[in-house]
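Peer 1: quick one: sequence plus predicted model below, questions after.
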Amino acid sequence: MKKFLSTLSALSAFAVGASTSAAASFDFSALAPIVINGATDQISFSVNPGGYAFEIGNSSDPALNNYFGSITGTFLIDAATITGPSTGIQTATVTGSGLFNIFEPGSTTAKLSADLTLLNSSSVKFSPFGSSGVLNLISAVNLTNFQYTGSDLALQTLLAGSFDGVTAITFQFTPGKSLTDLTDAGAVNSSTSYSGSVLTQIPEPSTYAAGVAALSLLVVFLRRRSAVTL
Amino acid sequence: MNRLALLLSLFLSAGIFGASAQSLLPAIQFNYANLAGQSISIDSATKKITFDVNSSGAGLQVISPNGFGLGGLLGAIEGEFTIGTVTSGPGPIETAPVSGSGVFRLFDSAMVALTADLTWSDSLTFGTLGVLNANAGINMTNFAYAGSNVDLQNLRDSSETGVSILTFQFIPPSGQPARSLTWLTTSGNGVNETSYSGSVVTNAPMVVVPEPTTYAALLAGVVLLAVCVGRRSRPVVA
């Protein structure tokens, strides 16, 4: 009995600790600026007159190239968490959440969406002459809950290959602006261009197999227990 | 007379040295991002960095809004740049010099290009971030444009030199190492492509502008000169 439960828990742990495999990847390029509001410390992603913030390219599924998207929501640089700039690096926590959207061609409403967090930001190699920044420095999973109910084949394919995902966004300023500058209460809005990449992932088949095996064992176990009780 | 000449030369000298170098034109700043699908590529075997262009020769676009009228203009980065010896640290940062040169282009509607010579003096990676010209050194020179776009003419005239910083990002598959400079330049890791964005700020030509005190000194010098000449021309009384 003890051995059985150990096996079950091992399989369950394997299923929970799901190993994943890359499913889809693409890059995106800004069509309008990323804006950091010094008074509110809020990061927002502007849209162009067409209502789009970025365009997709270099996709593992060529059918997805040139699709447009947007990033909505409220993201805040927590100025109290700014560290550095030892060795020219500053980091800060980014709170809040939003949506990462990819629109059906020709639409600004029909879309695939995923919940998005930006986790942390860094200002690297800051100098008065130039600085560079990144959102999601550590490539942590920050895209979840992919949803799409439309009929566009490329978006359906992306949905099928996206259990969760990672996106990282980079930007730069010249003249340079540190995170302290960007979040200074007296700072004017700072806007610049950005680029990003997305990598989605799905659990490995072996993970599904382990999950099914664990469930099967659980059913057997419960049946045996009920048989003994009778 | 000798004393007068000395005073005169002192005032005129003060006038010359009181001049200061100033720019009469504002620095121009703009941001750009790659056109979708026109990537930055890093070849791990050759350590070369290149930038894609489409069939029209464009690979990037100036992001709107832009206060200098450049928003929406297409451009390109041409040339080959080579990543040198990688240095690790501080911490997880890796840096390397970048050699080679190329041309930064911005096109008008007739596809006549403003050009500037371009170098990337250094590269840096840190986590998902990659940077070219992280130290923000002057890396754009020799701005030239022969077209009729007023905003590009203004950019040419306001740009003796410029600084461009470019950022990009790579996300490694789960369980794989970050795409550091070491990884990106280790033969066998293929050609890695991604999107990029950049910012440019130009330095306007400097002109010598006399300080207000310089004008005062020159005026005093002229007055003294007039007095001197007047005295010399006065007839000597026997």
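Peer 2: Okay, I see it.

Peer 1: can you tell me the SS state at whatever residue of chain B ends up closest to chain A?
Peer 2: Closest contact between chain B and chain A, by CB to the nearest CB, is at B:Ala136 (2.8 Å). Glycine gets a C-beta too; all of them are placed from N, C-alpha and C. Secondary structure, DSSP: H, G, I helix; E, B strand; the rest coil: B:Ala136 is coil.

Peer 1: and the residue lying closest to it once chain neighbours are set aside, how far is that from A:Pro62?
Peer 2: With CB to CB, 6 or more residues apart in numbering or on different chains as the criterion, B:Ala136 has its nearest non-adjacent residue at 2.8 Å, and that residue is A:Gly130. In this view, A:Gly130 and A:Pro62 are 35 Å apart by CB to CB, to the nearest Å.

Peer 1: out of those two, which sits in the busier spot?
Peer 2: Comparing A:Gly130 with A:Pro62 by other CB atoms under 10 Å in any protein chain shown, the one with more neighbours is A:Gly130, at 24 against 11.

Peer 1: mind checking pLDDT for that one?
Peer 2: What the model reports for A:Gly130 is a pLDDT of 89.

Peer 1: residues contacting B:Ala110?
Peer 2: B:147-148 (CB atoms under 8 Å, 6 or more residues apart in numbering or on different chains).

Peer 1: tell me which element it is part of?
Peer 2: In this structure, B:Ala110 sits in neither a helix nor a strand according to DSSP states H and E.

Peer 1: gap between it and B:Ile49?
Peer 2: From B:Ala110 over to B:Ile49 the distance is 29 Å, taken as CB to CB.

Peer 1: ok, residues contacting stretch B:114-122?
Peer 2: B:49, B:77, B:79, B:81, B:95-98, B:100-108, B:132-135, B:137, B:139-145, B:147, B:152, B:155-156, B:159, B:162, B:164, B:166.

Peer 1: partner strands of the helix or strand hosting A:Ser123 and their direction?
Peer 2: A:Ser123 is part of strand A:120-127 when elements are defined by DSSP H and E. Partner strands for strand A:120-127, per DSSP bridges, with pairing direction: strand A:89-103 (antiparallel), strand A:130-135 (antiparallel).

Peer 1: re earlier: drop anything exposed from the contacts of stretch B:114-122.
Peer 2: Judged by neighbour count, with 16 or more other CB atoms under 10 Å in any protein chain shown as the criterion, the buried members of the contacts of stretch B:114-122 are B:49, B:77, B:79, B:81, B:95-96, B:98, B:102-108, B:132-135, B:139-140, B:143, B:145, B:147, B:152, B:155-156, B:159, B:162, B:164, B:166.

Peer 1: and stretch B:171-188, what's its mean pLDDT?
Peer 2: The average of the pLDDT scores along stretch B:171-188 is 94.

Peer 1: wait, what's in contact with the one residue in chain A that gets nearest to chain B?
Peer 2: Using CB to the nearest CB, the single residue of chain A nearest to chain B is A:Gly130, 2.8 Å away. Contact analysis of A:Gly130 by CB under 8 Å, 6+ apart lists A:172-176, B:133-136, B:163, B:165, B:199.

Peer 1: try it again with 10 Å
Peer 2: A:172-177, B:131, B:133-137, B:163-165, B:199, B:201 (CB atoms under 10 Å, 6 or more residues apart in numbering or on different chains).
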